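Peer 1: the following block contains a protein sequence and its predicted model.
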Amino acid sequence: MRLLELLTPLAALAATASAALATELVTRKPLVESNKLRRVLLRSNLLAKARTLEGFAYATTERNRLIGTPGHNATVNWIYDTIKSFPDHYTVSLQPFDLPSGTAKGLIVHIPNLACDESDFPADLTDKVVLVFRGDCQSAVKVAYAGARGAVGAIVYNNVEGNLDGYSLQRLSTPEGPYVPTGGISQADGLALIAKLDAGEEILADLNSVTKAITIYNINAQTIAGDQDNVIHISGHSDSVAAGPGINDNGSGTISILEVAIQLTNFSVNNAVRFSWWSAEEEGLLGATYYVSQQPQSELDKICLMLDFDMMASPNYAFQIYDGDGSAFGESGPPGSAEAEHEFARFFTEESHENHTEIEFDGRSDYGPFLAAGVATGSIACGAEGIKTVEEASMFGGVAGVAYDVNYHAAGDNVDNVNMGAWIVMSKVIAHMTATFARSFELLPPKTEEAKIKRMEVAKRISGKATGKIWGV
Ligand SMILES: *[C@@H]1O[C@H](CO)[C@@H](O)[C@H](O)[C@H]1NC(C)=O
Ligand SMILES: *[C@@H]1O[C@H](CO)[C@@H](O)[C@H](O)[C@H]1NC(C)=O
Ligand SMILES: *[C@@H]1O[C@H](CO)[C@@H](O)[C@H](O)[C@H]1NC(C)=O
């Protein structure tokens, strides 16, 4: 008893001291630095997580991580649980949204050209089901143009080999027009339908194969530390297409940003860092589109820069930077996008000692809706179904005349498909950009009224034209 009495004040003293020490240690976490964050990004961690995602896909009969399936559900739950296990560092939320169900029946009308221009569509499509090409602009926009002219449904046929199961009858409406039920078919089936229609046949479409309404989730995690009004937003998407497990597309982006988020917990930040894992990218950027639609302008204004990462490990890779300054393809992003591109380029050249190429800032992945809302965005990728040129083979190695990812949107997009060397380079680029902007936004133009007006001008230009340029792939 007496001993205890004696000990208690000592123990209390010790406890106070250790609490003070702990607080000091927490506050003494080093401010994040690019090279320190890069150093703790390990191949072994990336690969282990790729195996986890592949496991989710292969544990299901569908062997994929398509939205609405157990493989995707397991992916979302796993990301959520992983990031939730750092409650001192991140505020985590699940953002649910509902995809409607629907059926449609009507005579098929083939829309010629790419169906990306309003003028490709006849004025009256009442009760018709349109048949459109996939690609070159977001499928949701093609569907909306048709819906605005009275069409009751849409069929999208693939622009590459393979079927388009991922094109379910589940869509969101867009500013161009209402949602109508949509289904996807293979390129061969699409061309066969067109041949029959061209020969004068009337074909009745009955879109009833996928009618299940589902709820899907974006995951958002934001550092508790850092200036909450000045945010660097880093994202990837959590779903795959139907054809396969989607480990390069885009398990790789999902995993890279998850690993960066985990490793970031050992550092302090000046600016808040937000990580998002979107759902339903493959159905037309639905998750990111929904997210942006739910943000008031005042919230969007807090995002100083949004960086999206997809296809980080293509087997026959090229290091591609999106043309944020418009120097290569003529269309620049909102102010800040050019500076982001320049920092990516500088890093590849000076730190990674790697070549890089530029690709069109076309809104093809989840940064598209942010671009169209006037948010500064940037992105890098390793290439999808495009073919590597001779020049690129001399710049990056690999095989000219072959796709960057021969398993793009295919069953073979599994752990064996990823190029580990490319993936670690890309992941370190992500770490660099995260660390750089978590420290400071000094590389970006100041957020003046003038800059805001310019952003709005770009947003207007893009939503008139380039929301139509967002690819639903
Ligand atoms: C997905 O996971 C959640 C748990 O987070 C569970 O409640 C739900 O039933 C699952 N849905 C499907 C379709 O598996
Ligand atoms: C943070 O650093 C400590 C000490 O080096 C280490 O044990 C821990 O695993 C690190 N945290 C993460 C998430 O890697
Ligand atoms: C960059 O590309 C050039 C050819 O354009 C090549 O000679 C060089 O080896 C490449 N550098 C690297 C690091 O791959």
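Peer 2: Done, it's in. Ligands and ions are numbered 1, 2, ... in the order given.

Peer 1: what is the neighbour count of the closest residue to ligand 2 within the chain?
Peer 2: Minimum separation of the chain from ligand 2 (Cβ to the nearest ligand atom) falls at Asn266, amounting to 3.8 Å. C-beta: built from backbone N, CA, C; applies to glycine. Residues lying near Asn266 (other Cβ atoms under 10 Å) number 13.

Peer 1: what distance do you get for it to Arg28?
Peer 2: Going from Asn266 to Arg28 by Cβ to Cβ, to the nearest Å gives 12 Å.

Peer 1: write out the residues of this protein neighbouring ligand 2.
Peer 2: Within the chain, the residues that sit near ligand 2 (Cβ under 6 Å from any ligand atom) are Ile262, Gln263, Thr265, Asn266.

Peer 1: most neighbours among those, which one?
Peer 2: Gln263 (21 neighbours).

Peer 1: and this protein, which of its residues are near ligand 1?
Peer 2: Counting by Cβ under 6 Å from any ligand atom, the residues of the chain that sit close to ligand 1 are Pro70, Asn73, Asn77.

Peer 1: how about the last one, secondary structure?
Peer 2: I take that to be Asn77. Following DSSP: H, G, I helix; E, B strand; the rest coil, we place Asn77 in the helix state.

Peer 1: what about it, neighbour count?
Peer 2: Asn77 has 14 neighbours, counted by other Cβ under 10 Å.

Peer 1: just the pLDDT at it, thanks.
Peer 2: Asn77 is assigned a predicted lDDT (pLDDT) of 91.

Peer 1: do the first one as well
Peer 2: Turning to Pro70, the model gives it a pLDDT of 81.

Peer 1: just to revisit the earlier point, my read is the residue of the chain closest to ligand 2 is in a strand, agree?
Peer 2: No. Read with three-state DSSP, Asn266 is coil and lies in no strand.

Peer 1: any idea how far it lies from Ala373?
Peer 2: Asn266 is 33 Å from Ala373, by Cβ to Cβ.

Peer 1: how about Ala140?
Peer 2: 15 Å.

Peer 1: more crowded one of the two?
Peer 2: Taking neighbours as other Cβ under 10 Å, Ala140 and Ala373 compare with Ala140 leading, 26 against 23.

Peer 1: in terms of secondary structure, what does the helix or strand containing the more buried one contact?
Peer 2: Assigned by DSSP states H and E, Ala140 belongs to helix 139-148. Helices and strands touching helix 139-148, by 3 or more Cβ pairs under 8 Å, 6 or more residues apart in numbering; DSSP states H and E, are strand 128-133, strand 153-157.

Peer 1: tell me, how many residues neighbour the nearest residue to Tyr404 once chain neighbours are set aside?
Peer 2: Take Tyr404 and drop its neighbours on the chain: the residue closest to it by Cβ to Cβ, 6 or more residues apart in numbering is Gly383, 2.6 Å away. By other Cβ under 10 Å, 26 other residues sit near Gly383.

Peer 1: can you tell me the SS state at Gly383?
Peer 2: Gly383 ends up coil, using three-state DSSP.

Peer 1: quick check: it touching Asp405?
Peer 2: Yes. Look at Gly383 against Asp405 with Cβ atoms under 8 Å: they come within range, at 6.3 Å.

Peer 1: hey, what's in contact with both of those two?
Peer 2: Taking Cβ atoms under 8 Å, 6 or more residues apart in numbering as the contact rule, the neighbours common to Gly383 and Asp405 are Met311, Ser314, Asn316.

Peer 1: might one say that Val425 is in contact with Ser352?
Peer 2: Yes. Contact criterion Cβ under 8 Å: Val425 and Ser352 qualify, at 5.5 Å.

Peer 1: between those two, which one's more packed in?
Peer 2: Under the criterion of other Cβ under 10 Å, the comparison of Val425 against Ser352 puts Val425 first, with 20 against 17.

Peer 1: who are the contact partners of the more buried one?
Peer 2: Phe319, Ser352, Glu354.

Peer 1: can you check the pLDDT for Pro181?
Peer 2: 85.

Peer 1: also Ile257?
Peer 2: For Ile257, pLDDT reads 92.

Peer 1: can you tell me the closest non-neighbouring residue to it?
Peer 2: Gly236 (4.9 Å).

Peer 1: okay, and that neighbour sits in which element?
Peer 2: Here Gly236 is assigned to strand 227-237, by DSSP H and E.

Peer 1: and that strand, what other elements does it pack with?
Peer 2: helix 253-264, strand 271-278, helix 286-293, strand 303-309, helix 420-439.

Peer 1: worst mean pLDDT among those?
Peer 2: Note on the helices and strands packed on strand 227-237: helix 286-293 shows the lowest mean pLDDT, a mean of 83.

Peer 1: contact partners of that helix?
Peer 2: 95, 97, 99, 140, 171-172, 174, 216, 218, 220, 235, 237, 276, 278-281, 300, 308, 366-370, 372-373.

Peer 1: in CSV: the shared contacts of Gly383 and Asp405, plus neighbour count.
Peer 2: Below are these laid out as CSV (neighbours: other Cβ atoms under 10 Å):
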residue, neighbour count
Met311, 26
Ser314, 32
Asn316, 24
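
Peer 1: from these, pick the one nearest ligand 3.
Peer 2: Asn316 (14.2 Å).

Peer 1: the stretch 351-473 of the chain: helices as residue ranges?
Peer 2: Using DSSP state H, counting those that start in this stretch, the helices of the stretch 351-473 of the chain run over residues 368-372, 390-396, 420-439, 449-461.

Peer 1: of these, which is nearest Gly183?
Peer 2: helix 368-372 (22.6 Å; Cβ to Cβ).

Peer 1: tell me the domain ranges of this protein?
Peer 2: Here the domain parsing of the chain from automatic domain parsing is 34-98+214-465, 102-211.
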